[in-house]
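S.K.: Coordinates for the following, if possible.
(one chain, ligands or ions: 2)
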Amino acid sequence: MPYHRYRPAHERVSLPGGGARSWPSARIERAPLWVPVDLRDGNQALAEPMGTDRKRRLFDLQVALGFKEIEVAYPSASRTDFEFVRHLAGAVQRGEVPEDVTVVVFTPARRDLIERTFAAIEGLPRAVVHLYAATAPVWRDVVLGRSRDEVRAMVEDAARLMVKLGGDREGLRFQFSPEVFNLTEPDFVLELCDALTGLWDASPDRPVTLNLPATVEIATPNVYADQIEYMHRNLARRDAVILSVHPHNDRGTGVACAELAVLAGAQRVEGCLFGNGERTGNVDLVTLALNLYTQGVDPMVDFSDIDEVRRTVEHCNRLPVHERHPYGGELVHTAFSGTHQDAISKGLDAHARRARELGVPEREAPWDVPYLPVDPADLGRSYEAVIRVNSQSGKGGVAHLLRAHRGLDLPRELRAEFARVVQTATDDSGGEADAELLWSLFESAYLAPGTDGESVRLADWRADQVDGAAGGEYRFVGALTVHDRPGDYEGTGPGPVSAFTRALAAAGVEVTVLDYAEHATSTGADAPAAAYVKCRVGERVVWGAGLAPATLTASVRAVLSAVNRAL
Ligand SMILES: CC(=O)SCCNC(=O)CCNC(=O)[C@H](O)C(C)(C)COP(=O)(O)OP(=O)(O)OC[C@H]1O[C@@H](n2cnc3c(N)ncnc32)[C@H](O)[C@@H]1OP(=O)(O)O
Ligand SMILES: CC(C)C(=O)C(=O)O
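M.R.: Ligands and ions are numbered 1, 2, ... in the order given. This next block holds a predicted model:
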């Protein structure tokens, strides 16, 4: 590959004086103003641009999520976009749009198109008109065919026209974007931006937005951060400027660029939900906002039902969101691999314990669960999807699903044993074992023994305490069929389970109980009981399990399960 055709970024952009920087040691402690541009920049990247219905649906979603400034159209580009702005003007007048929401419309620096843009926003009480022009050398030379001075004149003419058409209109503000800011000479951008804030008479009461796009990402994010910090330090009328950024994602570092830009002084970030947009997309606002959220900073937007947001965005864009997309992808909170599942399962238990100790609901307790940077419940997701089992899963994941779906808390050794049963099944199928399949594997491995066709069957049994016996002896009496030979047997022991093993011994089946556990499968007096026993049966050591309304019955079934598994 002829890599020598490409030039490194430091040869293409350099800051006067090398660029002083304070951003490396800064922290983001509050959310910038997020401005979704899905309805303009995102829309212009779609094979089938949105009509009014889809645009309105996405706009309403963005309002509901809490965005306060929303770029809605390029009204001079098409009738659809013009009409959408007219539609919104009606919606605002009907009170359908909250008063703290401002719409932004986008225009190139061309007289006819600017006039059309102003016609579109007629009657809108609050709006930002966003002017853009290409300023980077290649664009000046190749696209516009204009020198720096000619570009400056073009931009200033456009800016003056905007003042003429709406300069004294209350509720109207102006925005400027030097296209491909990150490839434009810093002194030229500064010159243009300062000229515009002068021309538009930017003031703290009526600030101008200067939006500095990484139209095409060309360098590592630290370079963009330096460029933004340079502007932040050198812009005139800084207190009358809202410094905004608009990163694209050509190098896959749009999020990093936006975050470093905010560290460097940006106050506003334009992007799209789930990163739709030209080529590799605009920076993803969902990721940015939730990155802040998971640092304990209020993101000022609400993604508590992330799946609904994703579905709406997919519907409006007619594009899928990748399953691995940060925060919102279908699989991002799911672990298939054994050690991750084990850690998550232990982490969720520890979290529940911590909440109990602190006396707070689980949703309020500090979050520290391995492999899950965010509590899926905060995004409207259930824990059910967190652990999914396939052949790469281990005992932790298998045990978690049995506990979550069936209330079974298997002893550690039994977990390992059952995990091998599951792995054999998933290795054979090559697929996933969902909660239903796990249950049926557990049933046939542990709960089915003792039914018809098994080596040892038990019918009509009783286990009673023997009156007056020292230490409270038990007697077990039952009809046992061993290898198809029926008989009535009894045994006594210090507990009902040992009395049962003696009855089994009387029937010729030698069983020693090595370990035992039991628990209720849910809360409440009627909760069915689960019992687990580890037995030596002849030469073999096996686990058995039993479920029943009463603990004693569950224990007897567990012993029978072990015996039949061994035989
Ligand atoms: C980085 C960005 O996202 S920029 C926004 C990009 N978005 C879009 O282009 C979507 C909407 N665009 C459109 O519908 C059309 O391009 C229109 C209606 C704006 C203009 O259409 P046309 O007049 O047919 O021009 P065309 O689409 O070929 O655009 C190229 C012309 O625009 C000029 N141009 C490009 N950017 C600008 C600008 N910011 N200001 C003024 N003129 C510009 C080019 O120099 C070229 O002019 P030329 O024909 O004299 O060489
Ligand atoms: C902000 C505008 C000009 C834009 O969409 C870009 O540069 O990517």
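
S.K.: Output the set of residues of this structure in proximity to ligand 1.
M.R.: By the rule CB under 6 Å from any ligand atom, the part of the chain lying against ligand 1 is 41, 44, 74, 76-78, 108-110, 113, 132-134, 143-144, 179, 215. (Glycine included, C-beta is placed from N, CA and C.)

S.K.: Show the overlap between these and what lies near ligand 2.
M.R.: Among these, the residues lying close to ligand 2 (CB under 6 Å from any ligand atom) are 41, 132, 179, 215.

S.K.: mind checking which helix or strand the second one is in?
M.R.: The one in question is residue 132. Counting by DSSP states H and E, the element that carries residue 132 is strand 127-134.

S.K.: got any ranges where the stretch 451-567 of the chain has weak pLDDT?
M.R.: 451-453, 468-471 (pLDDT under 70).

S.K.: Just the buried residues of the helix or strand harbouring residue 424, please?
M.R.: Taking DSSP H and E as the criterion, residue 424 maps to helix 412-429. Buried residues in helix 412-429, defined by neighbour count with 16 or more other CB atoms under 10 Å: 414-415, 417-419, 422-423, 425-426.

S.K.: packing partners for that helix?
M.R.: Applying 3 or more CB pairs under 8 Å, 6 or more residues apart in numbering; DSSP states H and E, we find helix 412-429 packed against helix 395-406, helix 435-442, strand 529-537, strand 540-548.

S.K.: so can I have JSON lines of those showing mean neighbour count?
M.R.: JSON lines is the format used below for the helices and strands packed on helix 412-429 (neighbours: other CB atoms under 10 Å):
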{"stretch": "helix 395-406", "mean neighbour count": "22"}
{"stretch": "helix 435-442", "mean neighbour count": "17"}
{"stretch": "strand 529-537", "mean neighbour count": "23"}
{"stretch": "strand 540-548", "mean neighbour count": "21"}
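
S.K.: export these to CSV and tack on distance to residue 504?
M.R.: CSV is the format used below for those (distance: least, CB to CB, whole Å):
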stretch, distance to residue 504
helix 395-406, 28
helix 435-442, 24
strand 529-537, 9
strand 540-548, 12
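
S.K.: And for residue 102, the neighbour number?
M.R.: 19 (other CB atoms under 10 Å).

S.K.: Beta-bridge partners for it, please?
M.R.: Residue 102 has these beta-bridge partners by DSSP bridges: residue 69.

S.K.: OK, contacts around it?
M.R.: 68-70, 126-128, 173 (CB atoms under 8 Å, 6 or more residues apart in numbering).

S.K.: Equivalent analysis for residue 24, please.
M.R.: residue 263.

S.K.: And it, how close does it get to ligand 1?
M.R.: 29 Å (CB to the nearest ligand atom, to the nearest Å).

S.K.: Give me the secondary structure label for that residue.
M.R.: helix (DSSP: H, G, I helix; E, B strand; the rest coil).

S.K.: Can you tell me the closest non-neighbouring residue to residue 358?
M.R.: Leaving aside its chain neighbours, residue 358 sits nearest to residue 365 (5.8 Å; criterion: CB to CB, 6 or more residues apart in numbering).

S.K.: no wait, residue 417
M.R.: residue 543 (5.6 Å).

S.K.: ok, back up a step: do the helix or strand that the strand holding residue 132 is followed by and ligand 2 meet at all?
M.R.: The helix or strand immediately downstream of strand 127-134 is helix 137-138, counting by DSSP H and E. No: Helix 137-138 does not reach ligand 2 (CB under 6 Å from any ligand atom); its nearest approach is 13.7 Å.

S.K.: Greatest separation within the buried residues of helix 412-429: which pair is it?
M.R.: Of all pairs drawn from the buried residues of helix 412-429, the greatest distance, 18.3 Å, lies between 414 and 426 (CB to CB).

S.K.: can you pull out the strands in the stretch 151-300 of the chain?
M.R.: Secondary structure of the stretch 151-300 of the chain (DSSP state E, counting those that start in this stretch): strands at 172-179, 208-214, 241-247, 268-271.

S.K.: Make JSON lines out of these and add mean neighbour count.
M.R.: Rendered in JSON lines, the data for the strands of the stretch 151-300 of the chain read as follows (neighbours: other CB under 10 Å):
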{"stretch": "strand 172-179", "mean neighbour count": "23"}
{"stretch": "strand 208-214", "mean neighbour count": "25"}
{"stretch": "strand 241-247", "mean neighbour count": "26"}
{"stretch": "strand 268-271", "mean neighbour count": "26"}
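
S.K.: quick one, which of the ones you listed is nearest to residue 457?
M.R.: Among these, strand 268-271 comes nearest to residue 457, with 67.4 Å by CB to CB.

S.K.: what does that closest one contact?
M.R.: 32-37, 41, 69, 71, 209, 211, 213, 242-247, 254, 258, 261-262, 277, 282-285, 288.

S.K.: can you tell me the residue of the stretch 451-567 of the chain closest to ligand 2?
M.R.: residue 522 (55.2 Å; CB to the nearest ligand atom).

S.K.: Give me the spatial nearest neighbour of the residue in the stretch 301-450 of the chain that ligand 2 sits nearest to, chain neighbours excluded.
M.R.: As assessed by CB to the nearest ligand atom, ligand 2 sits closest to residue 317 within the stretch 301-450 of the chain, at 16.5 Å. What sits nearest to residue 317 in space, not counting adjacent residues and going by CB to CB, 6+ apart, is residue 276, at 5.3 Å.

S.K.: residues contacting that neighbour?
M.R.: For residue 276, the contacting residues are 38, 42, 45-46, 282, 313, 317, 319, by CB under 8 Å, 6+ apart.

S.K.: In helices only, show me those residues.
M.R.: Counting by DSSP state H, these place 313, 317 in helices.

S.K.: Neighbour-wise, which one of the contacts of residue 276 leads?
M.R.: residue 38 (30 neighbours).

S.K.: Find me whatever residue is spatially closest to it, sequence neighbours aside.
M.R.: That would be residue 272: by CB to CB, 6+ apart, it lies 4.6 Å from residue 38.

S.K.: So what sits opposite the one you found in the bridge?
M.R.: Beta-bridge partners, per DSSP bridges, of residue 272: residue 284.

S.K.: so how far is the lengthiest helix in the chain off the chain centroid?
M.R.: Across the chain, the longest stretch assigned as helix under DSSP H is helix 338-358. The chain centre lies 19 Å from the centre of helix 338-358; the measure is CA atoms, centre = their mean, to the nearest Å.

S.K.: can you check stretch 231-249 too?
M.R.: Centroid separation for stretch 231-249 versus its chain: 30 Å, with CA atoms, centre = their mean.

S.K.: what's the answer for stretch 488-508, then?
M.R.: With CA atoms, centre = their mean as the basis, stretch 488-508 stands 56 Å off its chain's centre.

S.K.: ok so, going back, and the residue of the stretch 451-567 of the chain closest to ligand 2, how many residues sit next to it?
M.R.: Residue 522: 10 neighbours (other CB under 10 Å).

S.K.: Report the contact partners of the residue nearest to it when sequence neighbours are not counted.
M.R.: Counting by CB to CB, 6+ apart, residue 407 is the residue found nearest to residue 522 once chain neighbours are left out, at 4.9 Å. For residue 407, the contact set (CB under 8 Å, 6+ apart) comprises 520-522, 527, 530.

S.K.: re the thing from before, output the contacting helices and strands for the longest helix of the chain.
M.R.: If you count contacts as 3+ CB pairs under 8 Å, 6+ apart, helix 338-358 packs onto helix 395-406.
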